[in-house]
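**Q** Everything below, folded, please.
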Amino acid sequence: MFILDLFSGAGGLAEGFLETGYTSVAHIEMDKDAINTLHTRLAYHYLVINGKQKKYWDYLKNKFSREDLYLLLPACLNDTIINQMLTESTLDDIYEKIDKNMKQMNCTDIDVLIGGPPCQTFSVISRSSKKYEDRSDQRNYLYKIYAKILGHFKPKFFVFENVPGIMTINKGNTYDELLKLIEEQGYTVDPQILNAKDYGVLQDRKRVIITGWKKEYAIEKIKYKEITYLNSVVNDLLNDLSAVNPGEELNRYQKEPSGYLMETGIRNSSCPLTLHMCRYQNENDREIYRIAAQMWDKDNKRLMYNTLPPEYITRSNVETFKDKYKVVAGNLQYSHTVIAHIAKDGHYYIHPDAKQARSISVREAARLQSFPDSYYFEGARAKKYMQIGNAVPPLMAKQIAQGIKEAIENINGNAKIQT
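**A** Reported below is the predicted structural model:
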């Protein structure tokens, strides 16, 4: 089965499909660092399938360059990584590249179109600044590009992912237009708000998932299997990692993995640890982190900025963003939502261990999003955080992929019977 991956980001949504047995004809992404992350992950899958995973581990250990890693892949696979902006003016060129890939792969039809246009302008923060009204911001119209590509390739199914804000932005007109454009391409649409915590992810993360299929298919609804780990808490994601100081990177494990890490495949016994790196924090922030972590550890209470001792308050306005400093609750089943703002500062993602007095590392953020430790994010540290914060959790994506796979198999089976 084949997927076409639009607005790929770091590849969280695609990872769920690849892990379920799909093959990608193309990943299309405009950000160069995210493209490199996708390319590196493609190398991982290729080397593992061909029994050469040690080559990948050697790359993670810095034994050879990223360029040399990509040379290990066949040219036809490298061609599936397309670093290009999706606009009206680039579509013909992108179509040509995808058609070439499909021909090389003997792919006559795309089974699933997946992707979610950048969602920043549909978020609550952007709504307050009315970025969605900016006619010059092309991100406000990328859903139209998605619908156009859907109509061009006419896959059996599609998955459109975005923040819940897309349903109500612009008084709901944008969302209504999106559904209308998709239906006009000949598809039945099934919008749902799904929460990652219901699909094996230790994070409270709601997303709009619009699944659709060709109208001629006799499908009422696709149900995605819910998975919960009732005996697991967020600390099960964190406790095997070494304690680190702000600005430090220590790529070694300090404990055996939890059952959750092994059962989900987030930790692999042969994979070296990478990206357990933290941003630098000044001593004032670190002291606030200690206070916040101690409050949570003692009473499960959240710190409000305006209640801090005066010597730690540096802002004149203490009433705005009072919950700016927030601990990742290690003793709960789910963390609060990881978002791209984690790239700017770590105040909203304080490690639960007060002794460490730091924000979570890149690897810890990736684990909260259910990325396996073998998943390597390319680029500067801030860009790694941003890719992680914008991603679809792979464990959630895997259940979506499995549900659609079963629907495709049922359609194919019915077609054979009718023949």
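
**Q** Surely Tyr59 touches Leu69?
**A** Yes: between Tyr59 and Leu69 there is a contact under C-beta atoms under 8 Å: 4.8 Å. C-beta here means a position set from N, CA and C on the backbone, and glycine is covered the same way.

**Q** Which residues are in contact with each of those two?
**A** Common neighbours of Tyr59 and Leu69 (criterion: C-beta atoms under 8 Å, 6 or more residues apart in numbering): 40, 43.

**Q** where along the stretch 51-200 of the chain do the strands fall?
**A** Assigned by DSSP state E, counting those that start in this stretch, the strands in the stretch 51-200 of the chain fall at 81-83, 112-115, 157-162, 187-195.

**Q** Generate JSON lines for those strands, with mean pLDDT as supplementary columns.
**A** Shown next, in JSON lines, are the strands of the stretch 51-200 of the chain (pLDDT from 0 to 100):
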{"stretch": "strand 81-83", "mean pLDDT": "98"}
{"stretch": "strand 112-115", "mean pLDDT": "98"}
{"stretch": "strand 157-162", "mean pLDDT": "98"}
{"stretch": "strand 187-195", "mean pLDDT": "97"}
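
**Q** number of nearby residues for Lys171?
**A** Lys171 is flanked by 8 other residues according to other C-beta atoms under 10 Å.

**Q** For it, report the pLDDT, please.
**A** Here, the pLDDT recorded for Lys171 equals 91.

**Q** And it, how close does it get to Lys100?
**A** 42 Å (C-beta to C-beta, to the nearest Å).

**Q** ok, now Lys148?
**A** 20 Å.

**Q** Repeat that for Ile210.
**A** Distance, Ile210 to Lys100, by C-beta to C-beta: 29 Å.

**Q** can you check Lys156 too?
**A** Remark: distance between Lys156 and Lys100 (C-beta to C-beta) = 21 Å.

**Q** neighbour-wise, which of the two wins?
**A** More crowded of Lys156 and Lys100, by other C-beta under 10 Å: Lys156, with 21 against 14.

**Q** Just the angle for the longest helix anywhere in the chain relative to strand 187-195, thanks.
**A** Ranked by residue count and defined by DSSP state H, the top helix of the chain is helix 394-418. Computed by axes from the mean of the first three to the mean of the last three C-alpha atoms, to 10 degrees, the angle separating helix 394-418 from strand 187-195 equals 150 degrees.

**Q** Give me the buried stretch members for helix 394-418, please.
**A** Buried residues in helix 394-418, counted by 16 or more other C-beta atoms under 10 Å: 394-405, 407-408, 411.

**Q** what packs against that helix?
**A** Packing partners of helix 394-418 (3 or more C-beta pairs under 8 Å, 6 or more residues apart in numbering; DSSP states H and E): helix 12-18, strand 112-115, strand 157-162, strand 206-214.

**Q** For the longest one, which outside residues touch it?
**A** Contacts made with strand 206-214 from outside it, assessed by C-beta under 8 Å, 6+ apart, are listed as 154, 156-164, 166-167, 178-179, 182, 186-196, 219, 222, 337, 392, 396, 400, 404, 407.

**Q** one more time with 6 Å
**A** Contact partners of strand 206-214, identified using C-beta atoms under 6 Å, 6 or more residues apart in numbering, comprise 157-162, 164, 166, 182, 187-195, 219, 222.

**Q** Can you say which of the residues you listed are buried?
**A** For the contacts of strand 206-214, a burial check counting by 16+ other C-beta under 10 Å picks out 157-162, 166, 182, 187-189, 191, 194-195, 219, 222.

**Q** Tell me the one among the residues you listed nearest to Ala357.
**A** Nearest to Ala357 among these: Asn195, at 30.8 Å, using C-beta to C-beta.

**Q** How much space separates Ala26 from Lys97?
**A** Separation of Ala26 from Lys97 (C-beta to C-beta): 7 Å.

**Q** Looking at the two, which is more packed in?
**A** Per other C-beta under 10 Å, whichever of Ala26 and Lys97 has more neighbours is Ala26, with 24 against 16.

**Q** Which of the three states applies to that one?
**A** strand (DSSP: H, G, I helix; E, B strand; the rest coil).

**Q** show me what contacts it?
**A** If you count contacts by C-beta under 6 Å, 6+ apart, Ala26 has them with 4, 80, 82, 98, 101.
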